[in-house]
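[1] quick check, what structure comes out for this input:
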Amino acid sequence: MFTIEHKILNETLEEIKKMSLNEFVNEFDGDIEGQIKITFNNKTIGYINDEIPFSEELLVWWLTKLNQAIYTLNQNNYVAFYILDTDNIWLELKVNDNLIHVRKIKLKLKNINKSLVDKPMEEFEKYKWEGITVGKNEFIKRVVQDSQLLINEISEINSKLIESESIKNLRKFLYLNINNVVS
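    Okay, the predicted model is just below:
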């Protein structure tokens, strides 16, 4: 089972409602802070909690990375990407027979100039998660749905923000992945 959900925080909502595109790019770096919860079977990254009014998860970044991961998996069945603000922790996804095998791994190297790779690296070592599988179609469908939901929410809050490069990049990868959604 794979689930993903996000929440734009009320404080962020109020700030971005009246922002110009330039203010959004300069002050928010073209991203939306909020909460995100990504669950692979019984393993979770992040959280959603209405009683906690803060979080520093970058929603556009997360959904762009997940969409880039889908695109890469459709090209060669392997992807790993760095989890922002961690101590070199990466999420590794490998496709085999329409299942995605998921691991959290640690990169031994401290300096790498990539945040996403499409081939296993010797510098990766087992970290925490092992033996987790989710359906590829379920993963793609849920990431695409949540990405569309976020873009729609941003557009409703302030349609000017959709023109930021970060959201255009999310939309580009989302568009590339929509054709891979199996109903």
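
[2] so what's the residue positioned nearest the centre of the chain up against?
    Closest residue to the average C-alpha location of the chain: Trp62 at 2.5 Å, with C-alpha atoms, centre = their mean. Trp62 makes contacts with 6, 36, 38, 84, as judged by C-beta atoms under 8 Å, 6 or more residues apart in numbering. (Each C-beta comes from the backbone N, C-alpha and C, glycine too.)

[3] wait, the second one touches Glu57, no?
    Yes. Counting by C-beta atoms under 8 Å, Glu57 is a contact partner of Ile36 at 4.7 Å.

[4] which residues are in contact with both of those two?
    Joint contacts of Ile36 and Glu57 (C-beta under 8 Å, 6+ apart) are 6, 46.

[5] residues contacting Asn77?
    By C-beta under 8 Å, 6+ apart, the neighbours of Asn77 are 94-96.

[6] could you rerun that using 6 Å?
    Taking C-beta atoms under 6 Å, 6 or more residues apart in numbering, we find Asn77 in contact with Val95.

[7] any idea how far it is from Ile100?
    9 Å (C-beta to C-beta, to the nearest Å).

[8] could you check the pLDDT of the nearest residue to Ile154 once chain neighbours are set aside?
    Once flanking residues are discounted, Ile154 sits nearest to Leu161: 5.4 Å by C-beta to C-beta, 6 or more residues apart in numbering. Note on Leu161: pLDDT of 97.

[9] then Val181?
    Value for Val181, per-residue pLDDT: 64.

[10] now do Leu93
    For Leu93, pLDDT reads 95.

[11] that one reaches His101, doesn't it?
    No. Counting by C-beta atoms under 6 Å, His101 is not a contact partner of Leu93; they are 7.3 Å apart.

[12] comparing the two, which residue is more hemmed in?
    Neighbour count, other C-beta atoms under 10 Å: between Leu93 and His101, Leu93 has more, with 22 against 15.
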